[in-house]
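Enquirer: I'd like to go over a predicted model; first the sequence, then the structure.
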Amino acid sequence: MPFEVINKKVVRAQVSPATPVLARRGAMLGYEGAVSFRPVSGHGQGVGGIVGQALSGESNRTMATEGTGSVLYGFSGLYVTVIELNNDTLSCEADRLLAHDANLQSSVEFIGQGGIKAAVRGAMTGQGLFTTRLSGTGSVAVLSHGGTFDIPVRGDVVSVDPQAYVGHVGQVQVDLSAKVGWRDAVGRGSGEAFQLKFTGQGTVYVQASEQKF
Amino acid sequence: MQTYDAHSLPENDNVNSYAFSIALNGRWFVSKGAMIAYYGNVSFDAVTTWASRDAHIAGKFSSPIYIQDWVVAEGHGKVIVGDRGFDLQSFDLEDGNLTIRASNLVGFETGLELKQSIVPGFVTLIGTGKFLASSNGPVIFAEPPFRADPDALLGWADCPAPSHHYDAQWMSASLGSMLQGMFGRESGEERQFDFTGSGTILIQSTEVLREDPALMRIMEQQTALLSPQQAGLLGQRLVARSQQA
Amino acid sequence: MVTLTADRRVLHADLAGETIRAASGSMVAYTGTVDFKHAGMGGGGGFKAALKQKVSGESIKLMECTGSGRVTFAQDALDVTVIDLANDTLAVESELVLAVTAGLTLDVKFAGLQGMTSGQGLATTTLSGTGQVAVMSDGPLIALAVQPGGPLVVDPDAFVASTGNLTMNLVSGVSWKSLVGEGSGEPFSLRFEGSGTVFIQPAER
C-alpha cells in the first residue's frame, strides 16, 4: 500500500503483517492500532555492505514497524518526498531515508572512483558518498532540507552539487568529478570542489539547500 | 506579487501559511517577539505591568512561569505575527478548553484564560475566543484511541489528559541485545502519550529542539518537593552531567 | 535576455551566452555548458564600495556564471522571489541576494542609523538600474505598502528589502523595553514613512 502524503513533512503508512515498514529511529510521530516497534541493525549484505555500513555510519539507525495499523512518520521537521518504485531502483544516502516498504531489497554502494580502497579513502576525505540502493516495488519516503525538485536525465549530462544531491532513480550512471578552480569559484564547503555528473535515463532529486542534517 | 496595506491585509486571517494578520481593536495577548510588522496605533506592554493597570486582564494570564514571555498588544491597527517561519494557524474556542505546548502558543484574545497544565511544558486555554498556534509543518488532527510521540504532540482538546504507554517489544529488544547502551536517549518509539476517551489530538511533524526558557523554571519549581539532602544529590548529578557534555 | 524563474525555494536561470552574478556557493545543479568564476566582493563598485563594505561590515560574495544552459540556485532552503526593477533602486539585506542580472549596479549604502548595536546589517546593499534581482527570505516574502500618513513598523529581524522614497527611523519607546529579556523580543523596531514598498519575511533571522 503506497504511503499517504499528509503534508510536506509527514507521511502515513498502513502496516500489516505482510507489509511491515522499515523507518529511521525516532521518526514515529503517532499511530493507531496494534502496532509495535523494534530496533533493527542496518540493512545490506556482503562485505561491501558491511564496509559501507561501518564507514557511512549507517547501521543502528533503523527500526521495524510491525503489526496492523496506521503510523505517522516525520523527522526533525524535515521535508518529505514520497517516491513510488515500480520494479525500479532508488539510490539515496542512508540518513535521508525516513521510511520504506520493508519488502524492498536494499544494499549499500559507494559513489566515487574505484573499489573498496578508494571508498575507504573517499569516506575519510569526504570525496564521494555512500548511498543505499532500494530495489523492487513499493514506497520510499525521503528526507530533505526544504523539499526536493527533480531533474530528468535524458542523455545529457546533469551536474549536481553533492551537498544538494538527494537521490536518483532509473538507469543512471554517476560520476564524481573534481573541477580545477571550482573550489575557488564557489567553495563554501570542501564538498563543493566536486560535482556529481549524471548520464543515462532517469530522474535526479535535488534539494534547495546545501545543508546536511 | 500582491502588495498589502493597512486596509487590504486580511482581517484576523493568514497572510500566508507562516504569517497571520490580527485586526487589532482592543487587546490581544502576544508572545514576545512574535510581532513582525504593524500598521496603526499599537502599544506592546509586558503582561506583568498590567497587574497595576487592569487586574482583570492580568488575571486572565494565570501562569507565573510563562508571564514574563508575554506582552499585551493594545490599540487599533493590523499586527502581523510570525514564529520562526513555522506554520501558523488560528483556532476558535467556544466555551471550551484546549491544552497546547506552551512554546507553540503565539497569541490569544483576552476572552480566553490561560492556565498552566499539569503536564510540564503545556498550558490550557479556557473560554471563548481566538488563539494562534505555530507548528512544524501543518497541524494533523487525530482522534482517540491514539498514541503520540511526546515530541510530536502539539496539544489536545476535550479528551482526558494522556498517560504514558511503553512499547514492550521495543523495551525487550533494546534490553535483550547489545543495543542497550544506545537507548539512553529516548527516540520516541519506546514511550508514547496514550490518548483515550473522546476528543481531538493535535500533532505536528516534530518539536524542534530549542531552549524553552520556562522549562528551567518548571524544573526548579518541581525540586521544591525534594528534601535538602535529595536536592544536594540531584545537584551533584546535574553538575556531573554538565561536565560530561 | 537571461530569464530568471523563481520556483518556491529554487531559482532557475536560463542562460543563452549571457553572464549573471549569483551568491557564491549557491549553485545546486546545472545542465549545459556553464562556467563559474569568483567575482570578488560586491562584484563591482570599485575601491570606494569595497571601503564602505569594510566599514559597514557588509559583505556580499558573488560568482559570475557564464554560458548556455539552465543553472539552478538555492541556499539554505530559503524562499526565492524575483523582483523586476525598471530604472529603480532596491535596498536589500546583502546576505539575502541570490542572483542579479547584468544591468543592475551594486553598491553599499549606510542606512544612517546611529547607535545600532545588534549587528543586524541595516547598512544594506542597493541595486540600481533596470534588470532582475532574486531575493531570498525565510518563508514567502510579504510586500507591504507605505503611504503618506500610514507609517509601517517592522521588526528589524524580519526586514528583507525596500523600494521607493522612504525614511527609516528606530523606534525604541518605553513600551519596547518591556519586550527585552531572556534573549527574545526586540529592543527596537524600524518605522518607515513616505511612500514605497517594504518587503518582510514571516520569520526572525
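Expert: Received it, and whenever you're ready, just let me know what you need.

Enquirer: so where is the chain shaky, pLDDT-wise?
Expert: Because you didn't say which chain, this covers chain A. In the predicted model, chain A carries pLDDT under 70 at residues A:41-60, A:112-128, A:178-193, A:213.

Enquirer: I was after chain B.
Expert: B:171-188, B:207-213, B:245.

Enquirer: tell me which stretches of it form helices.
Expert: Here chain B has its helices, by DSSP state H, at B:50-53, B:55-60, B:168-175, B:213-222, B:228-244.

Enquirer: list the contacts of stretch B:141-149.
Expert: A:28-32, B:159, B:162, B:165, B:188-189, B:192-203 (CB atoms under 8 Å, 6 or more residues apart in numbering or on different chains). C-betas here are computed from N, CA, C, even on glycine.

Enquirer: can you do 6 Å?
Expert: Contact with stretch B:141-149 is made by A:28-32, B:159, B:165, B:188, B:192-197, B:200-201, B:203, as judged by CB atoms under 6 Å, 6 or more residues apart in numbering or on different chains.

Enquirer: quick one on the thing from earlier: closest one to C:Ser162 among the helices of chain B?
Expert: Taking CB to CB, helix B:213-222 is the member of the helices of chain B nearest to C:Ser162, at 32.8 Å.

Enquirer: just give me how far stretch A:138-155 sits from the chain centre.
Expert: 9 Å (CA atoms, centre = their mean, to the nearest Å).

Enquirer: if we can go back for a sec, among the contacts of stretch B:141-149, the buried ones, what's the ChimeraX command?
Expert: The command below creates a ChimeraX selection of those among the contacts of stretch B:141-149 that count as buried (16 or more other CB atoms under 10 Å in any protein chain shown):
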select /A:28,29,30,31,32 /B:159,188,192,193,195,200,201,203
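
Enquirer: separation between the nearest residue in space to A:Val21 that is not next to it in sequence and A:Val142?
Expert: Excluding the flanking residues, the one nearest A:Val21 by CB to CB, 6 or more residues apart in numbering or on different chains is A:Thr65, at 4.5 Å. From A:Thr65 across to A:Val142, the span is 17 Å (CB to CB, to the nearest Å).

Enquirer: what about the helices in chain A?
Expert: With helices called from DSSP H, chain A shows them at A:46-56, A:115-125, A:182-186.

Enquirer: brain fart, chain C
Expert: Going by DSSP H, chain C shows helices at C:46-56, C:174-177.

Enquirer: looking at the ones you listed, which has the lowest confidence?
Expert: With a mean of 42, helix C:174-177 has the lowest mean pLDDT of these.

Enquirer: how much space between B:Gly26 and chain A?
Expert: Distance, B:Gly26 to chain A, using CB to the nearest CB, to the nearest Å: 34 Å.

Enquirer: what of B:Pro228?
Expert: B:Pro228 sits 38 Å away from chain A, going by CB to the nearest CB.

Enquirer: so which of the helices of chain B gets nearest C:Leu98?
Expert: Of those, the one closest to C:Leu98 (CB to CB) turns out to be helix B:213-222, at 34.2 Å.

Enquirer: export only the CA atoms of the closest one, formatted as PDB.
Expert: Once non-C-alpha atoms are left out, helix B:213-222 reads as follows in PDB (Å, rounded to 0.1, in the frame of the first residue of the first chain):
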ATOM      1  CA  PRO B 213      13.300  29.500  29.000                       C
ATOM      2  CA  ALA B 214      10.300  28.400  31.000                       C
ATOM      3  CA  LEU B 215      11.400  24.800  31.200                       C
ATOM      4  CA  MET B 216      14.100  25.500  33.700                       C
ATOM      5  CA  ARG B 217      11.700  27.500  35.800                       C
ATOM      6  CA  ILE B 218       9.300  24.500  35.800                       C
ATOM      7  CA  MET B 219      12.000  22.100  36.800                       C
ATOM      8  CA  GLU B 220      13.300  24.300  39.500                       C
ATOM      9  CA  GLN B 221       9.800  24.600  40.900                       C
ATOM     10  CA  GLN B 222       9.400  20.800  40.900                       C
END
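
Enquirer: next, count neighbours for the residue nearest to C:Gly69 when sequence neighbours are not counted.
Expert: Once flanking residues are discounted, C:Gly69 sits nearest to C:Gly32: 1.7 Å by CB to CB, 6+ apart. With neighbours defined by other CB atoms under 10 Å in any protein chain shown, the count for C:Gly32 comes to 16.

Enquirer: I'd assumed C:Cys65 was in contact with C:Gly32.
Expert: No. Using CB atoms under 6 Å, C:Gly32 is not in contact with C:Cys65; the gap is 10.9 Å.

Enquirer: between those two, what contacts are shared?
Expert: Common neighbours of C:Gly32 and C:Cys65, counting by CB under 6 Å, 6+ apart, are absent.

Enquirer: how about the contacts made by residue 71?
Expert: You didn't pick a chain, so chain A it is. Counting by CB under 6 Å, 6+ apart, A:Val71 makes contact with A:Ala13, A:Val15, A:Tyr31, A:Val35, A:Thr65.

Enquirer: I was thinking of chain B, sorry if that wasn't clear
Expert: Shown in contact with B:Val71 (CB under 6 Å, 6+ apart): B:Val30, B:Lys32, B:Phe44, B:Ala46.

Enquirer: what about chain C: which of those residues touch it?
Expert: B:Lys32, B:Phe44, B:Ala46 (CB under 6 Å from any CB of the partner chain).

Enquirer: export these as a markdown table, with columns for distance to C:Leu166.
Expert: Below are these laid out as a markdown table (distance: CB to CB, whole Å):
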| residue | distance to C:Leu166 |
| --- | --- |
| B:Lys32 | 27 |
| B:Phe44 | 23 |
| B:Ala46 | 30 |
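
Enquirer: give me the buried subset of those.
Expert: Buried members of the ones next to chain C among the contacts of B:Val71, counted by 16+ other CB under 10 Å: B:Lys32, B:Phe44, B:Ala46.

Enquirer: how many neighbours does B:Gly96 have?
Expert: B:Gly96, neighbours per other CB under 10 Å, totals 14.

Enquirer: and A:Thr199, by the same measure?
Expert: Burial of A:Thr199 is recorded as 16 neighbouring residues (other CB under 10 Å).

Enquirer: state the distance from it to A:Ser177.
Expert: Distance of A:Thr199 to A:Ser177, computed by CB to CB: 12 Å.

Enquirer: do the same with C:Leu104
Expert: Distance, C:Leu104 to A:Ser177, using CB to CB: 33 Å.

Enquirer: near the residue of chain C found nearest chain B, how many other residues are there?
Expert: Nearest residue of chain C to chain B: C:Ala203, at 3.2 Å (CB to the nearest CB). Residues lying near C:Ala203 (other CB under 10 Å) number 21.

Enquirer: who touches the closest residue to chain C within chain B in this structure?
Expert: Among all residues of chain B, B:Gly85 sits closest to chain C, at 3.2 Å; criterion: CB to the nearest CB. If a contact means CB under 6 Å, 6+ apart, then B:Gly85 has B:Tyr18, C:Asp138, C:Gly139, C:Ala203 as its contacts.
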